[in-house]
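Make a model of this:
(one chain, ligands or ions: 1)
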Amino acid sequence: MPKKFYITTPIYYVNDVPHIGHAYTSVATDCLARFKKMEGFDVRFQTGTDEHGLKIQKAADKLGIKPMDLCDKNSKIFEDLTKMLNLSNNDFIRTTESRHVEGAQNLWDKLQKNDQIYLDEYEGWYSINDETFYNEKDLIKGEDGNLKTLTGSPVDWIAEKSYFFKLSEWSEKLLELYTKNPNFIKPESKRNEVISFVKGGLKDLSVSRTSFKWGIKTPNDSDHIMYVWLDALTCYPNGVGYLSESKNDLSDFWSETTHIVGKDILRHHAVYWPAFLMAANLELPKRIFAHGWWTNEGNKISKSLGNVIDPINIISEYGLDQFRYFILREVPFGNDGDFSIKALKNRINSDLSNDLGNLCQRSLSMVHKHLNGNIPNKGTLNLSEEKLIKRSEKIIEESINLMNNQKIHEYIKLIWNYINDVNKYFNDQKPWELVKNDIDRFNTVLNITCDLIRRIGIIIYPIMPDTSNKILKMINIDIKELSFSSINDYSVDGIKINPLSQLFPRID
Ligand code: MSP
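Predicted coordinates:
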């Protein structure tokens, strides 16, 4: 039985349409999911939409429509985006679905039974934008004299009846969790931030609201709706039925969970979430990885600055795999990064068009021109050829290590070093001269180059699945299910290749 692996994106707020931040989290998670699948795991990948809370209700009110209508409309846009980004998700969960509502209420019941929830009154600051409560000491004064969050979100003073979760009781247990499982939060710098936040002291957390209605009713008291984060976080176990009364055959995935989130929502995932789960005697996810944020040409991305990047526009202008490659390669996963069209064009022209595109184009067009499209058989291999072939296995081994630590950019670098060395090999062999004076060596060089291209085509699949398919199609290799372990199982000897298609046109 293959081992299970469950990976999730955050579920996206439907008050607005998708932007590059959503596309980034999704594409990175997709790359990790596809990689694990290639490694031989039984992979489950979930994404979806976060549809309750004041933020959504206000957005609907502003448009003069019902919250549910806004949710239906925008959730569909996010679901369409999963197709546009070529995500391999097996589930798209919405928090307005009954399977989710049931699971969220079940978690509430468990917390209540374990005496983890009590009724009181909340008085304090709240950011509707982040759907988060703030201590005054964590806020700053804006130019208009009003308090705001460090990321610039306005806050409102609220005072209302509320149930509280006894978060303060969990500080020690959380610190113990972080110490015993040093890989629970990644990367290291983010882990340290969480630890110092928890060491700074945790207050009990308000987990219900009474001043508006757009949410999941608390099962014990219909005057309250659940705090949107408690509601939303349960989407992860709900997608595999782990919180349902009648567990299903997907529930085993829960103990193998990795959450990919942006740094802004790490606290909710690495502090509140494990505390809720421990308080309900439930199993914890294995890993929470926080990635950084993109700026746009050096500026913070914000609606008010009018510089929100629409991933759909970028994809239609530059291509999906070009976009996927750029966002995964440009910035070490976990760091902040800057999006610029200049940098995107550079990556397309140099890494994709020059390095990968040219390698395929130059060698395969020779097969067409001199060999009538038939890949020749090889003669005796020299040492460098044997080494290049073997290296593909080493790359896979090293990549598995890197990807277990979510080092997506390092995995890509490894492949591109390989591509460059294959290019160098091809150049050094000068097949355009061999064709005139040493046909045996010419045949061998072309056979080996085609085989190396086949290997590269397989290894890049998690990053650029379409390109991987195109490359394998060009060399006419039909692999039903791609896997790393079968990298040596195919031979290119004697294959009649297909007409070439240009992989990455250069951009001016
Ligand atoms: N609904 C919550 C998540 C609940 S999960 C139980 C939420 N949604 S969100 O739509 O606001 O954000 C989703 C993701 O987009 C977050 O991981 C966030 O970090 C990411 N990004 C939003 N803007 C971003 C950038 N400018 N750059 C990179 N990612 C950013 O939070």
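
Which residue would be the closest one in this structure to the ligand?
residue 262 (1.5 Å; C-beta to the nearest ligand atom). (C-beta placed from N, C-alpha, C; glycine too.)

pretty sure residue 160 contacts residue 212?
No: the pair residue 160 / residue 212 is not scored as a contact, 9.7 Å apart, by C-beta atoms under 8 Å.

list residues touching both of these two?
Counting by C-beta atoms under 8 Å, 6 or more residues apart in numbering, residue 160 and residue 212 have no common neighbour.

What residues does this structure have near the ligand?
Counting by C-beta under 6 Å from any ligand atom, the residues of the chain close to the ligand are 10-13, 21-22, 24-25, 50, 232-233, 235, 261-262, 264-265, 293-294, 301.

so of the residues you listed, which ones are in helices?
Judged by DSSP state H, those include 21-22, 24-25, 232-233, 235 as members of helices.

Make JSON lines from these and add neighbour count and pLDDT to it.
As requested, those are exported to JSON lines (neighbours: other C-beta atoms under 10 Å; pLDDT from 0 to 100):
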{"residue": "21", "neighbour count": "19", "pLDDT": "93"}
{"residue": "22", "neighbour count": "21", "pLDDT": "95"}
{"residue": "24", "neighbour count": "25", "pLDDT": "97"}
{"residue": "25", "neighbour count": "20", "pLDDT": "98"}
{"residue": "232", "neighbour count": "27", "pLDDT": "98"}
{"residue": "233", "neighbour count": "24", "pLDDT": "98"}
{"residue": "235", "neighbour count": "26", "pLDDT": "98"}
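
wait, what's in contact with the residue of the chain closest to the ligand?
Counting by C-beta under 8 Å, 6+ apart, residue 262 has contacts 10, 21, 25, 290-293.

Sitting in strands, which of those residues do you find?
Residues of the contacts of residue 262 located in strands (DSSP state E): 290-291.

Pick out the most distant pair among the contacts of residue 262.
10 and 292 (14.4 Å; C-beta to C-beta).

The two - which one has more neighbours?
Neighbours were counted for residue 10 and for residue 292 using other C-beta atoms under 10 Å; residue 10 has more, 25 against 18.

for the nearest residue to the more buried one once chain neighbours are set aside, what are its contacts?
Excluding its sequence neighbours, the residue lying closest to residue 10 (C-beta to C-beta, 6 or more residues apart in numbering) is residue 261, at 5.2 Å. Residue 261 sits next to 10, 25, 269, 288-291 when contact means C-beta under 8 Å, 6+ apart.

beta partners of residue 261?
residue 290 (DSSP bridges).

how much space between it and residue 235?
Noted for residue 261: a distance of 13 Å to residue 235, by C-beta to C-beta, to the nearest Å.

just residue 45 next, same as before
For residue 45, the distance to residue 235 - C-beta to C-beta - is 13 Å.

go on, residue 102?
12 Å.

Residue 422 too?
Distance from residue 422 to residue 235, by C-beta to C-beta: 43 Å.

now swap in residue 374 and tell me
53 Å.

Look up which helix or strand residue 55 falls in, please.
helix 54-63 (DSSP states H and E).

helix or strand right after that helix?
Assignment by DSSP H and E places the next element after helix 54-63 at helix 67-84.

Sort out which residues of that next one are buried, please.
67, 70-71, 74-75, 78, 81-82 (16 or more other C-beta atoms under 10 Å).

Repeat that for stretch 49-69.
Using 16+ other C-beta under 10 Å as the test for burial, stretch 49-69 gives 49-57, 59-60, 67.

residue ranges for the strands of the stretch 101-250 of the chain, please.
117-127, 132-134, 140-141, 147-148, 156-165, 185-186, 205-206, 208-209, 217-218, 221-226 (DSSP state E, counting those that start in this stretch).

and those strands, which is most packed in?
With neighbours taken as mean count of other C-beta atoms under 10 Å, the strands of the stretch 101-250 of the chain reach their highest mean count in strand 208-209, at a mean of 25.

tell me the domain boundaries of the protein?
Structural domains annotated on the chain: 4-292, 341-486, as defined by automatic domain parsing.

Residue 334: which of those is closest?
Closest of the domains of the chain to residue 334 is domain 4-292, at 4.1 Å (criterion: C-beta to C-beta).

and the closest one, how far apart are its ends?
Start and end residues of domain 4-292 are separated by 27 Å (C-alpha to C-alpha, to the nearest Å).

likewise stretch 252-264?
End-to-end distance (C-alpha to C-alpha), stretch 252-264: 29 Å.
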